[in-house]
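Below: sequence and its predicted model.
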Amino acid sequence: MRITPAEAAIIGTSLGATATLSAAWITQRATSRRERERRLWDRRVATYDDLMSTLHTYAQLRAHTRRSFDLPELESVRSEALHSAATLAARIELYSSEPLREACERSFDRVQRWLLAWEEWHEQGPAVRLPSQADGLWKKFTRRVEEAERADSELLELLLADVHGTRRGTTGFPKGGNRGISLRKTTSGSSASRKTAPGKNASRKPDHD
């Protein structure tokens, strides 16, 4: 069967229109996917910004407490830590990875531990408590602070790896009895589960060595 020039022109026009429509559909689909990925990334970065701000706040509070032996408004600090833990862990779970969520939960769990250890030391009374390693409860508090610093370091490494695609050496949070020495680089490998997320009852849970 022979195709006339007019039929060939119609077929060519149809094929061209189909190709144009297909290309437009593919382009639109790719654009929509990029826009969706960009929105998710923006929300993830906003979550990371809030998490970094919170980590810095508690790192500075730890450093202040260890230097000054004072922690005003303990209950409000604990309440804020619980609220931040629940909110940020939920956002991390929604927008990021399981290891990062676990590291976030572990970091806030360590906040609760050092707050409770400080309270145990402080409740001995001014005539008994000593900010010294000779005082067993102060020693326990400093150990909890060091555990919190390690948890923050691990979480920070995971954040930087996710944002920049690679680990970036060391960075600085205020630590212990110093005014800003760098965090040591640690390896991740969390084993936390969902049960590690601090909850409303976590603040009074017995803190065993």
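Ah, there it is. From a predicted model like this one, the values you see are computed outputs, not experimental measurements.

Break down this structure into its helices, ranges please.
5-68, 74-95, 98-122, 136-164 (DSSP state H).

Which stretch among those helices approaches Arg129 most closely?
Among those, the nearest to Arg129 by CB to CB is helix 98-122 (5.7 Å). C-beta here means a position set from N, CA and C on the backbone, and glycine is covered the same way.

Tell me the helices and strands packed up against that closest one.
helix 5-68, helix 74-95, helix 136-164 (3 or more CB pairs under 8 Å, 6 or more residues apart in numbering; DSSP states H and E).

While we're on Ser14, how confident is the model there?
We note a pLDDT of 68 for Ser14 in this prediction.

ignore the last one, Thr20
74.

Give me the neighbour count for it.
10 (other CB atoms under 10 Å).

With distance to Arg129 added, can I get the helices of the chain in CSV?
As requested, these are exported to CSV (distance: least, CB to CB, whole Å):
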stretch, distance to Arg129
helix 5-68, 13
helix 74-95, 15
helix 98-122, 6
helix 136-164, 7
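
To Leu130, which of those lies closest?
For Leu130, the closest of the helices of the chain is helix 136-164, at 6.2 Å, according to CB to CB.

For the helices of the chain, state which one has the densest average packing.
Greatest average neighbour count among the helices of the chain goes to helix 98-122 (a mean of 23), per mean count of other CB atoms under 10 Å.

between that one and helix 5-68, how big is the angle?
Calculated by axes from the mean of the first three to the mean of the last three CA atoms, to 10 degrees, helix 98-122 forms an angle of 20 degrees with helix 5-68.

and the angle from helix 98-122 to helix 136-164?
Going by the same axes, to 10 degrees, helix 98-122 makes 160 degrees with helix 136-164.

what about helix 98-122, average pLDDT?
On average, helix 98-122 scores 91.

Same check on stretch 146-158?
Mean predicted lDDT for stretch 146-158 stands at 93.

CA atoms of that stretch as PDB?
These are the backbone C-alpha positions of stretch 146-158, laid out as PDB (Å, rounded to 0.1, in the frame of the first residue of the first chain):
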ATOM      1  CA  GLU A 146      30.900  13.500  79.100                       C
ATOM      2  CA  GLU A 147      28.300  10.900  77.800                       C
ATOM      3  CA  ALA A 148      26.100  13.800  76.600                       C
ATOM      4  CA  GLU A 149      29.100  15.400  74.800                       C
ATOM      5  CA  ARG A 150      29.900  12.100  73.000                       C
ATOM      6  CA  ALA A 151      26.200  11.700  72.000                       C
ATOM      7  CA  ASP A 152      26.200  15.300  70.600                       C
ATOM      8  CA  SER A 153      29.400  14.600  68.700                       C
ATOM      9  CA  GLU A 154      27.900  11.500  67.100                       C
ATOM     10  CA  LEU A 155      24.700  13.400  66.200                       C
ATOM     11  CA  LEU A 156      26.700  16.300  64.800                       C
ATOM     12  CA  GLU A 157      28.800  14.000  62.600                       C
ATOM     13  CA  LEU A 158      25.700  12.500  61.100                       C
END
